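*Asks:* Okay, predicted coordinates and the sequence, questions at the end:
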Amino acid sequence: MADQDETFKLVSPSFDHGDRLPRKYTNGGQGALKDLSPPLEWYNVPDGTQSLALVVEDVDATAEPDGPAVPWTHWVVANIPPSVKRLPEGFSNKEKSLGHEYEPIKEGYNDWKVLGWCGPVHQSSDHRIVYRLYALDDEMHLGNKVTKQKLLEAIEGHVLAEAELMAVF
């Protein structure tokens, strides 16, 4: 069994697991500090990892006010090289001028049907925003239109480990 310190881990320097998501990462922020993708960092990527993938969802979203929860996708990111150890604040939808190691990264379409990060919109009750990072034994070939569904189907049988971070909004 792996030591606690060796566990594949996903964190944010801007909030701890279970904390409230800072406003600048939501649709409720203001000006330039609105709808930024949050900074994320990961540690202890498993041996054999060929790529990483990220799916961010509001797991408490509902299609109807009193209906069952239907997760709402905020961000899909595929083909993160294992050499990359973080996505900086505001990474989504920006020119990837952070260095050549970021070039293979492919952002997908969220449930608003737009590319990249779209932060949560204020709700009448708290919702959990769950960030799931997958360590994969292969690079994913997803074509031009990456979606959560395509990604989750493609990674089936390729997941070496999964790390999770949750914030409340």
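*Replies:* Nice, I can see it.
*Asks:* So, low pLDDT: which residues of the protein?
*Replies:* Residue ranges of the chain with pLDDT under 70: 1-5, 95-97.
*Asks:* Strands along that one, start to end?
*Replies:* Remark: strands assigned in the chain by DSSP state E are 9-11, 40-43, 51-58, 72-80, 86-87, 106-107, 128-136, 159-168.
*Asks:* With mean neighbour count and distance to Leu152 added, can I get the ones you listed in CSV?
*Replies:* Where C-beta positions appear, they are placed from N, C-alpha and C, glycine not excepted. Below are the strands of the chain laid out as CSV (neighbours: other C-beta atoms under 10 Å; distance: least, C-beta to C-beta, whole Å):
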stretch, mean neighbour count, distance to Leu152
strand 9-11, 18, 17
strand 40-43, 18, 19
strand 51-58, 24, 7
strand 72-80, 24, 9
strand 86-87, 20, 19
strand 106-107, 19, 15
strand 128-136, 21, 9
strand 159-168, 17, 10
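*Asks:* out of the ones you listed, nearest to Leu98?
*Replies:* strand 86-87 (9.1 Å; C-beta to C-beta).
*Asks:* coming back round to it: quick one: which of the strands of the chain is nearest Gly99?
*Replies:* With C-beta to C-beta as the yardstick, what comes closest out of these is strand 86-87 (11.7 Å).
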